[in-house]
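Please work out how this folds:
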Amino acid sequence: MIKGNQTEKKVTELLLPILEKENFELVDVEFVKEGPNWYLRIYVDKEGGISIDDCETVSRALDKKMDDASFIEQAYILEVSSPGIDRPLKKPEDFVKYAGEVVDVKLYKARDREKEFQGILKGLVDGVITLLDEDGKEMNFEQKEVASIRLAVIF
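This is a model prediction of the structure:
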């Protein structure tokens, strides 16, 4: 049986030609078990946002390729969706594209008794994520200490 990370890599290989054809961006691939069910979650985006029809197009094309490749032994539920307004930043390009935006950072371990930080993203350089806090002071986080970084949802 292929484990999560290898499965995600193989799915990505099948997925990229589909997304390139449609001019969609791959945000993330997750293969996770939640309760008794396995989920293969694909997050895609495009300029102007992704629609339900776009998700259906990707789902149908990927489903066909997955049936042909048949490398996942267990039953799973395929979900294709947008990354949402609190989009995770995963790839180096994301840190360039969203520089200047407000982001939420969650750490694996607390720093000064805090695990969650918010600030304006300056960027990612040599594995260090830099934010500006509300006072304009720089905060630096090693990528390996960051559990997640997402666009902040501000109302």
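
going forward, measure contacts and count neighbours with C-alpha atoms only.
Fine.

For residue 105, list each beta-bridge partner.
residue 117, residue 149 (DSSP bridges).

Can you give me the neighbour number for it?
If you count neighbours by other C-alpha atoms under 10 Å, residue 105 ends up with 22.

Residue 81 now?
Count around residue 81 with other C-alpha under 10 Å applied: 19.

Specify the beta-bridge partners of it.
The partner residues for residue 81, given DSSP bridges, come to residue 43.

what does residue 77 give?
residue 39.

What ranges does this structure have for its strands?
For the chain, the strands defined by DSSP state E occupy 25-34, 37-45, 77-81, 102-111, 114-125, 128-132, 138-142, 146-151.

measure the residue lying farthest from the centre of the chain to residue 119 for me?
The centre of the chain is farthest from one residue, residue 135, which by C-alpha atoms, centre = their mean lies 28.9 Å away. Distance check for residue 135 against residue 119: by C-alpha to C-alpha, to the nearest Å, it reads 10 Å.

Could I have the CA atoms of stretch 97-104 written out in CSV?
The C-alpha trace of stretch 97-104 is given here as CSV (Å, rounded to 0.1, in the frame of the first residue of the first chain):
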residue,chain,number,x,y,z
LYS,A,97,2.3,36.4,-4.9
TYR,A,98,0.8,37.2,-1.5
ALA,A,99,3.6,39.5,-0.1
GLY,A,100,1.9,42.5,1.4
GLU,A,101,-1.2,40.5,2.5
VAL,A,102,-2.2,39.8,6.1
VAL,A,103,-1.5,36.2,7.1
ASP,A,104,-2.1,34.0,10.1
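
Give the buried residues for that stretch.
98-99, 102-104 (16 or more other C-alpha atoms under 10 Å).

swap in stretch 39-54?
In stretch 39-54, counting by 16+ other C-alpha under 10 Å, buried: 40-46, 50, 54.

got it, and stretch 69-88?
72, 80-83, 87-88.

Same check on stretch 17-32?
Neighbour count says stretch 17-32 has 18-19, 24, 26-32 buried, by 16+ other C-alpha under 10 Å.
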